[in-house]
Each structure stands twice: as C-alpha cells, then as structure tokens.
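S.K.: missing the sequence, but the structure's below:
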C-alpha cells in the first residue's frame, strides 16, 4: 500500500489490486450493518477502533516517521476533545457548527504540539519520552483542576451534553429512516469516521513519500547527518509534532461529539501508552501495520470482554475471576509475547525488516 | 518557618522512599538501557504483601507479636517475592529482547507492568488495603517541626541501605563487574564477566530495594492499592533522571530533591498564588522540575555529559 517507490517508473496497477480494493470497499461499506446484527455495541467498538486508527496514524508521524518517542500524545487528543466540548455544549452556552469547531480543534492541537515540542528539540530517546510523558500528565492535571477559580474545564466531572456532529439537519447522533432503511447513530458515525480515516491515510501516504517525509526519515536515522545535508531539523521536528498532534485533535473532536461527554479520565497516561503500543505492535513507520495494530489492540480487549464471562460460566458455572483483570492480563501478555517474537512489530515495513536483520549486532 | 521545616521533614521522608525506588531504575538503565516500567509494580507488590502479613499478624492476637517483629516479618516476606518477580521479568521478558530495538523492550516492560498490576488486582481486589498502626505514634519536636518515629525509621533504613549499596558497587567484585558492564557490555563480556549474572544481580538488588520501599510506603501512608505502583514508579524514574540516570549517587540526590520539592511545592503553592492553585497541583511540580532539568541540563544533575544519547 505505502511502500516507497524506488523505481521512477510507476508499474501499471493490476486487475487483482483493483479487485482487492473493490472488495475491501464493499466489506467496509456493509461492515456496520453486519456487526449491527450482533448488537449496536459492536458498531460502537468499531467506531472506537477507527478513532484509535486516527490516533495511531498521528502518533506514527511522530514516532514512526520522525523517530521522536512521544509518551504524552494523548494530550492532543484531549485538546481536540475539550475544544469541541467547550465550543459545542451548554457548558459555555456555545453551539458552534462543526466547520468552525473542527478547524479550531485541529489548529489548537497543532499549536499545542509545536509548543510542547519546542522545549524538547534537543532531547532524544528516553529523555524525550519522559518529558513528553510529563507534559501529557500536566495537561491532564490541569484539566482535572481548572474548575476553580474560573470554571473552564468543569474539573473531574467533565463536560456533559456535548453537541453531536451535524451537517445542517442531518444529525449524526440519532437514528433515522433513510430510503426505507433504519440507520442508527453509531452507524452514521462509522461512515463519518471511515471518511476521516481515509483522508488521514491518504495524507500519511502522501507525506511519507514527500520531501517532508524523507526529511523526517533522515532525522530519524541520523540527526547530525540530516543537518549536514541541509535539513532544518528544528522546523522539521516541530512540523512532525504539530502534524501528529493535529490528527490527534481531529480524533479528539470526533470522540467528544460521539460520546457527548468528556472528562479528564479518558486522557490518562495509560491511553498514551495504549496508542504507542498500537504503533509499535503494528510496525512503526509502516502505515498498514499501524492500522492493523490499532484495530487489533482496540478490538481485542472488547472481544475478550465478550468472551471471558460466558466462558467462565460455561467452565465453572460462575464468574470466578474478574473479567476486567483477565482482559488486561491478556493485553499485557500479548504485548510481551508479540515483542519477544516479533520485535519489529506484526507487520513491519520491508525497509525496516531488512535493517533489523542485517544490523542486529551493530544496533544493540 | 515552622511550615517550612515540617514540609522539609515530610519531603525528606518521601524523598528517601523515592530514592530507594529510583536506585532500581538507575541500575537497570545504567546496565541495559531499559526503562523498567514494571519496577513501580514491584514496589506495589512489596507493599501489598507487607500489608496482608501485618494485618494477619496484628489481627490474630493483638499485642502478641511486637511491632518490630511484624515489620521484620513483612520485610522477610516481601523481599524474596519481589526479588523473584524482578528476576523472572528479566529472565523471561527482557533477556530475549536484549538485542532488539529499544522500543520493543520498552513496550515489553509496559506489558509486564500491566500483567503485574492485574495479577495483584486478582489477588487483592480493587479496594484500598489499610495498614494497621503498629509503629508507636511517637513524635519528636525539632525546632517547630514534628518528626514521627516512623519517619526517622524510614530515613535511617534508607540511608543504611544506600550506604550498603554504594559499598557493594564500589568495593566488591560483583560491583566492579556491574560498573564494567554498564560501561561497555561487549568488552566486559570479553574480560570474562558473566553478563547475564550481572544483569540478573542488578534486577535482584533493585527489586529487593523496591520491596523495602514498598513496606515503607505501606507503613507510612497506611493504605495500598494495586494501582499505587504506577505513579510511584513514575516519580522514582523522574528522580533517577533528575539526578542523572545510570548514576547511583544521582538517584539518591534526585529522590531526596524530588521529595522535598514536591512537599514544599504542595505546602506553599496556595499562599504563593493566593489560593488560585491548590495542593492538588502537587504532581505537576515533579514534572515541571523534570522538564526544566532535562531542557537545561539533559544529563541530569550528577550525570556525565554525553554527546549523543539516542
């Protein structure tokens, strides 16, 4: 899908590929209705998976493309969500339409990305990770406490009754009859999110193959050499931070509008770590891998949630072990096992796999 | 002034716990360059075991067992379990990844941390366990500040342990081997040092310190819960970075400083900002300090200046 073309001549796209794309399109188009038969909660899970795909792709720009380990990424998701919640809810009495709120959310997230990125420009590796982690926590603590003296974020209670996404009279939050079909809120959101994901994927692919993308790669591989080649490493790193953050902002705004509710709880460090796990588990810097990682890690816990309780009831006749604990336990085990057996991720890019096998000794 | 002294005393107490935990981070990072995210959970397990044991002993027959014996028993139970945990995590989760990209090891450490947390939740449940007040609530006055017996005990034990650790690292064969491995793993191996033993030893020692810290935390705060390790670990790591990661003296200094900054910050922020910000911003301090240190002196207070820490 996104392999860099080394040959200048573009190969003609074969019929097989077109068929594959068409089939994928059909599957994606009818997926919510198929899942909807098993229950609307599965459509909601699917929607969250799409939101996580956006987040993972955004973080992938920072971590995968530019090689900057960011552990506070969820802060930008929070900025997007809070911008939406503040500008489109009874909290301040504002109900602005999405074409005003969404750009503001994206720009705010991008600004925050650059702001938080700026002091970390000189740092690398683990130190960068810890500083970004600190920023993420600081933003969360502020959200938690900015209800006094002036109530901005409504503190730990969060902001309620957030407006849903609406295109004129077409409201995404509730179900309605269309062409003889009954289409529910989550199903509508699915198509909206799918559209956004496709836009973001196209942007990522185009970015990766662009001058900027190659500059990011150069910075990732060797910053000093990149600088010597005339790359403005400061600007290119800041660009990575704010591009990644803006994707997070979109995802956050969608989250707020879909949930109708935001609170600091949703933006804990654990969320940052989960998104990072998606990127690394899928295969850093490889767009299809990252998408796979995001879908797996967001759907897998939900599947476990659905399976664990009935399975225990069948086996022991009662629920012996806390399902939540088992779910997280499996999650932890999966992380460890995948990393041990596939340290480059489940679906690494061809370039990266080559690097890892030939340079194993040198990298250690 | 009284408040200042009091906050200083509290800060030193908490700081010595941070220092003990930070030592575990710094030893492991110094030798294999891994942020062992699961270290905080080891502290949590130590605290939980100590609490369970002391609750059992104190509840069976009140007054039958003396407080010191109970604390000794708690330590005796917590230390081996935590050491076993640390050793197992290294042997089965981190060792296979020693030559893998660093992010893979980091994710594995996060995975181990999640596993430990949830196993603890299965064993001890979601509720806070409270630790009985077994240490005599004896309080001394020191120029306006009140110091409890427990605080003196914590600081004294921490100092003793840290001195012991410094002696081990600088005076014994094992310590020399550890320092050599930290400097250059390949060359140390060529010199006949068994790298695997050294790394295991670092994990064992770090986990033992974590167990002691866990018992201290459980006794001092009086409550423990399965999620307590995360924030504690984070702060201890902050302390390690503050002092210069990989540097033992740095971890001790960083831990103390962080504890002091935190309690002074929490004590004064309300007055300084006319009550706009309260002590609920306590956690922000440690992070702001960390960020400032890393931005202006990226190698930490005592760390050597390194050209390229990628």
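M.R.: Structure's in. What do you need? Please read all numbers here as calculations on a predicted model, not as lab measurements.
S.K.: residues touching the closest residue to residue B:237 other than its chain neighbours, list them.
M.R.: Among residues not flanking residue B:237 along the chain, residue B:25 sits closest, at 5.1 Å (CB to CB, 6 or more residues apart in numbering or on different chains). Placement of C-beta: from N, CA and C, glycine included. Neighbouring residues of residue B:25 by CB atoms under 8 Å, 6 or more residues apart in numbering or on different chains: B:35, B:36, B:39, B:206, B:233, B:236, B:237, B:240, B:245, B:251.
S.K.: And residue B:95, by the same measure?
M.R.: B:196, B:199.
S.K.: What score does it have for pLDDT?
M.R.: Per-residue confidence (pLDDT) for residue B:95: 92.
S.K.: closest point of the stretch 51-200 of chain A to chain B, which residue?
M.R.: Taking CB to the nearest CB as the measure, the stretch 51-200 of chain A has residue A:134 as its residue closest to chain B, at 3.6 Å.
S.K.: Apart from its neighbours in sequence, what residue is nearest that residue?
M.R.: Leaving aside its chain neighbours, residue A:134 sits nearest to residue B:287 (3.6 Å; criterion: CB to CB, 6+ apart).
S.K.: Is the one you found located within a strand, as I assumed?
M.R.: No. Counting by DSSP: H, G, I helix; E, B strand; the rest coil, residue B:287 falls outside a strand, being helix.
S.K.: Residue B:303 reaches residue B:242, doesn't it?
M.R.: No. At 9.6 Å, residue B:303 and residue B:242 do not qualify as touching, with contact defined as CB atoms under 8 Å.
S.K.: which one of those two has more residues nearby?
M.R.: residue B:242 (31 against 21; other CB atoms under 10 Å in any protein chain shown).
S.K.: Next, the contact list for the more buried one, please.
M.R.: B:250, B:253, B:254, B:257, B:258, B:289, B:290, B:293, B:300, B:301.
S.K.: Equivalent analysis for residue A:290, please.
M.R.: Here residue A:290 is in contact with A:53, A:56, A:57, A:60, A:64, A:278, A:279, A:282, A:283, A:284 (CB under 8 Å, 6+ apart).
S.K.: List, out of those residues, those positioned next to chain B.
M.R.: By CB under 8 Å from any CB of the partner chain, the members of the contacts of residue A:290 lying near chain B are residue A:284.
S.K.: With residue B:175 as the reference, measure out to the most centrally placed residue in chain A.
M.R.: In chain A, the residue lying closest to the centroid (CA atoms, centre = their mean) is residue A:55, at 1.3 Å. To residue B:175, residue A:55 is 45 Å away according to CB to CB, to the nearest Å.
S.K.: now do residue A:64
M.R.: As judged by CB to CB, residue A:64 and residue B:175 stand 40 Å apart.
S.K.: Residue B:14: helix or strand, and which one exactly?
M.R.: Element membership of residue B:14 [criterion: DSSP states H and E] is helix B:2-32.
S.K.: What ranges does chain B have for its strands?
M.R.: Under the criterion DSSP state E, chain B contains strands at B:129-130, B:139-142, B:145-148, B:223-224.
S.K.: Comparing the ones you listed, which comes out most buried?
M.R.: Neighbour counts (mean count of other CB atoms under 10 Å in any protein chain shown) averaged over each of the strands of chain B peak at strand B:223-224, with a mean of 21.
S.K.: Quick one: list the elements packing against that one.
M.R.: On a contact count with 3 or more CB pairs under 8 Å, 6 or more residues apart in numbering or on different chains; DSSP states H and E, strand B:223-224 meets helix B:39-60, strand B:129-130, helix B:195-221.
S.K.: what kind of secondary structure is the residue nearest to the centre of chain A in?
M.R.: Look at residue A:55: counting by three-state DSSP, its state is helix.
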